[in-house]
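# Sharing a model prediction with you, sequence too.
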Amino acid sequence: MNTKRISYLCLVVVAVELVAITAAWIASAISPFGAFNNPLSGEGVRWMFRNLMAAMMSEWLVALLLLAISWGCLRESGLWRAVFSRKKVEGASFQYRERMGLRVAALMTVVFLVTMVLLTMLPEALLLSATGEVFPSPFSEAIIPAISLWLTSTSIVFGIIKGSFRSAPEVFGSFFAGISRSAPLIVLLMLSLHCVNVIKMLIK
């Protein structure tokens with residue numbers, strides 16, 4: 001991951017927020033009853049402090065954390081390398097434990113897909129909306145956690161069969177590794193969420 005580019009993007013987001021706050025302050029000073037709230041008024045400062053953490057909370061942040069955990073587990077287990085290995089291109093054979101792990105991973109994938117189909121495609125399926133729609137519905141709201149659960153559980157089972165994971169700390173270590181690799185994106189998303197919510201507050 002190119003942390004340098006993401007660092008520059010973080011600086012851009014911070015600069016946009018600062019410019020928005022300054023512009024709203026000037027606009028509200030010129031026209032107190034205009035389209036912008038004064039961020040430096042008593043009410044504005046209280047909002048900033050009261051919503052310092054709430055402004056960065058979002059389902060998208062949770063989704064990114066879940067996908068980061070899945071990505072770390074996918075890489076550390078060796079499943080990612082096995083699926084996209086050059087062995088498949090060159091016609092070389094996998095080791096026995098890798099083959100077994102891939103077969104179980106394929107079986108788990110089929111079970112996951114069949115389960116999703118049964119929960120969404122049948123008449124009066126459980127995860128459809130009250131009007132029978134897929135989007136929006138409980139399925140669409142849970143699609144990212146469901147994908148994360150599938151990727152993580154499949155990677156864990158593959159890693160155990162292959163021998164990549166020999167203990168629970170190694171499994172959780174893969175979670176931590178995924179979050180560590182995705183840390184720049186997490187910071188960028190948090191700053192972006194804060195910027196967007198502050199701009200929403202500035203506009204009456």
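Received, thanks. Numbers count the residues shown, from 1 in each chain.

# Quick test: name the residue nearest the centre of the chain.
Geometric centre of the chain, nearest residue: Leu64, 1.3 Å, by C-alpha atoms, centre = their mean.

# So it sits against Arg181, correct?
No: applying C-beta atoms under 8 Å, one finds Leu64 not in contact with Arg181, separated by 11.9 Å. The C-beta positions use only the backbone N, C-alpha and C, and glycine is treated the same way.

# Show me what the helix or strand containing the residue nearest to the centre of the chain packs onto, helices and strands only.
Following DSSP states H and E, one finds Leu64 within helix 59-77. Contacts defined by 3 or more C-beta pairs under 8 Å, 6 or more residues apart in numbering; DSSP states H and E place helix 59-77 against helix 143-162, helix 168-181, helix 183-202.

# can we see that at 6 Å?
Helices and strands touching helix 59-77, by 3 or more C-beta pairs under 6 Å, 6 or more residues apart in numbering; DSSP states H and E, are helix 143-162, helix 168-181.

# Ok, which of those helices comes nearest Trp71?
Closest approach to Trp71 among those is made by helix 168-181 (4.7 Å; C-beta to C-beta).

# helices or strands up against that closest one?
Applying 3+ C-beta pairs under 6 Å, 6+ apart, one finds that helix 168-181 makes contact with helix 59-77.

# next SSE after the helix it packs on?
Next along from helix 59-77, by DSSP H and E: helix 79-83.

# Dump that next one to PDB, restricted to CA.
This file holds the C-alpha atoms of helix 79-83, laid out as PDB (Å, rounded to 0.1, in the frame of the first residue of the first chain):
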ATOM      1  CA  LEU A  79      -5.100 -18.900   0.800                       C
ATOM      2  CA  TRP A  80      -4.600 -15.800  -1.400                       C
ATOM      3  CA  ARG A  81      -1.300 -17.100  -2.700                       C
ATOM      4  CA  ALA A  82      -2.700 -20.600  -3.200                       C
ATOM      5  CA  VAL A  83      -5.700 -19.300  -5.200                       C
END
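
# which ones are touching the residue nearest to the centre of the chain?
Contacts for Leu64 (C-beta atoms under 6 Å, 6 or more residues apart in numbering) come out as Leu189.

# Please determine how far it is located from Ile179.
Applying C-beta to C-beta, to the nearest Å, the value for Leu64 to Ile179 is 10 Å.

# Most remote residue from the middle of this protein, which is it?
Ile30 (41.3 Å).

# Now do that residue against Val104, distance only.
Plainly put, Ile30 is 67 Å away from Val104 if you go by C-beta to C-beta.
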